[in-house]
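S.K.: Here is a sequence with its predicted model. Questions after.
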Amino acid sequence: MSDLSNSQVWFITGACSGLGKSLLEAVLAEGSRAVATVRKPGALSDLQAKYKPMQLFVMTLDVTNPSQIEEAFRRTKEHFQRLDVVVNNAGYGLMGEIEATPEDLARQQIEVLFWGPSIEVNPKGHGGRVLNISSAGGYSANAILAFYSAGKFALEGFTQAFTREMPPEWNIKGIIIEPGGFKTGPGAKFKNMVFKASAIGDVHKAAQAIIRIAREPDPPLRLQLGTDSWGIVNHRTNATLKEQKKWAELSHSTNLEGNGTGPEILEAIKEALD
């Protein structure tokens, strides 16, 4: 194996199964180093037997526990002296109608999908990428997945704001990954309800796509994985634009008199957001 001292270091949460494990395997196979977090000790014993500790560092972590997260990053810095890519992948899907979902389960859903990832931010002074694994359901909400979508919507909003707050000289980019249905987790369960199984995506191809986008110098804010996710986001975007145009006159009717013309206001907004 080649010298690892200059290879990238990835920090991947929820790495014991599904997309997280596929990404971990792909990162290690190409020679990069990784910190893999799991909830249960021994969950990655197969990979620990294959890779030495200086390439794979496994630790248990509850992503909703701030003190554990702080300790995890301290240990990462101590072990590898650097961190290049953070992948917030820990999460699960809570299925059920809003009225029938107990409050404690709903709160836990939001904590795992939003609060956990939101406090895992690369420290100042080191460029890198923060990839938050969302879902097509984080852009277009699904029936019976209300709290799951709510957590993902919050995560996407946080990522967008976090990315805009980063000074350019820090070279830290936030990327929202929106997978469609893969043969893993809640996406597969939902997919089986509405699509044929043959339409489910390849999780190993998804891992390669994530590695590629993490190394792009100018990555997009959002990346859909799978034609189904792309189609869902595209449909929702077009539907929103169509709806917006239909009701544009009513939207503009609330402007204060003498506060500039519509085009002037829109141009100022465009300059502020670009």
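M.R.: Yep, it's here.
S.K.: Return the residues in contact with the residue lying closest to A206 once chain neighbours are set aside.
M.R.: In this structure, A206 finds its nearest non-sequential neighbour in L225, 4.9 Å apart by C-beta to C-beta, 6 or more residues apart in numbering. Any C-beta I mention is one placed from the backbone N, CA and C, and that applies to glycine too. By C-beta atoms under 8 Å, 6 or more residues apart in numbering, the contact set of L225 is I177, E178, P179, G180, F182, G201, A206, A209, I210.
S.K.: residue ranges with poor pLDDT in the protein?
M.R.: 1-5, 90-126, 182-199, 260-261 (pLDDT under 70).
S.K.: show me where it has helices.
M.R.: Secondary structure of the chain (DSSP state H): helices at 18-29, 45-50, 66-80, 103-110, 116-118, 146-165, 185-194, 203-214, 227-246, 248-252, 262-273.
S.K.: Mean neighbour count and distance to N88 added to these, as TSV?
M.R.: Below are the helices of the chain laid out as TSV (neighbours: other C-beta atoms under 10 Å; distance: least, C-beta to C-beta, whole Å):
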stretch	mean neighbour count	distance to N88
helix 18-29	22	10
helix 45-50	12	20
helix 66-80	15	11
helix 103-110	14	14
helix 116-118	24	4
helix 146-165	19	8
helix 185-194	17	15
helix 203-214	19	12
helix 227-246	13	18
helix 248-252	10	35
helix 262-273	10	25
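S.K.: of all those helices, which lies closest to S135?
M.R.: S135 lies closest, by C-beta to C-beta, to one member of the helices of the chain: helix 146-165, at 5.1 Å.
S.K.: from the contacts of L225, which is closest to Q55?
M.R.: Closest to Q55, out of all of the contacts of L225 and judged by C-beta to C-beta, is I210, at 18.7 Å.
S.K.: Spatially nearest residue to that closest one, not counting backbone neighbours?
M.R.: Going by C-beta to C-beta, 6+ apart, I210 has L23 as its nearest residue, at 5.7 Å.
S.K.: Report the contact partners of that neighbour.
M.R.: By C-beta under 8 Å, 6+ apart, L23 lies in contact with W10, I12, A15, V87, N89, A206, A207, I210, I211.
S.K.: Quick check: bridge partners of the residue nearest to A206?
M.R.: With beta bridges defined as DSSP bridges, L225 has these partners: P179.
S.K.: D84 versus the closest residue to Q48 other than its chain neighbours, what's the distance?
M.R.: Leaving aside its chain neighbours, Q48 sits nearest to V58 (5.9 Å; criterion: C-beta to C-beta, 6+ apart). To D84, V58 is 18 Å away according to C-beta to C-beta, to the nearest Å.
S.K.: again, but for G42
M.R.: G42 is 27 Å from D84, by C-beta to C-beta.
S.K.: With A206 instead?
M.R.: In this view, A206 and D84 are 20 Å apart by C-beta to C-beta.
S.K.: Of all the helices of the chain, which one is nearest Y139?
M.R.: Set against Y139 and scored by C-beta to C-beta, the helices of the chain come closest in helix 227-246, at 5.0 Å.
S.K.: how many neighbours does G180 have?
M.R.: Around G180 there are 25 other residues, counting by other C-beta atoms under 10 Å.
S.K.: Could you pull up the contacting residues of it?
M.R.: Taking C-beta under 8 Å, 6+ apart, we find G180 in contact with A136, G187, K191, G201, Q224, L225, G226, T227, D228, S229, W230, I232.
S.K.: Just the closest of these to P168, please.
M.R.: Minimum distance to P168 across the contacts of G180 is 25.7 Å, recorded for Q224 (C-beta to C-beta).
S.K.: who are the neighbours in contact with that closest one?
M.R.: A136, E178, P179, G180, W230, I232, V233.
S.K.: Reformat those residues as CSV; add distance to R74.
M.R.: Formatted as CSV, the contacts of Q224 follow (distance: C-beta to C-beta, whole Å):
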residue, distance to R74
A136, 35
E178, 31
P179, 30
G180, 36
W230, 39
I232, 39
V233, 37
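S.K.: quick check, nearest of the residues you listed to P217?
M.R.: E178 (21.1 Å).
S.K.: Quick check, that closest one in contact with N132.
M.R.: No. Applying C-beta atoms under 8 Å, one finds E178 not in contact with N132, separated by 9.8 Å.
S.K.: Compute the distance between A34 and L47, please.
M.R.: From A34 to L47 the distance is 9 Å (C-beta to C-beta).
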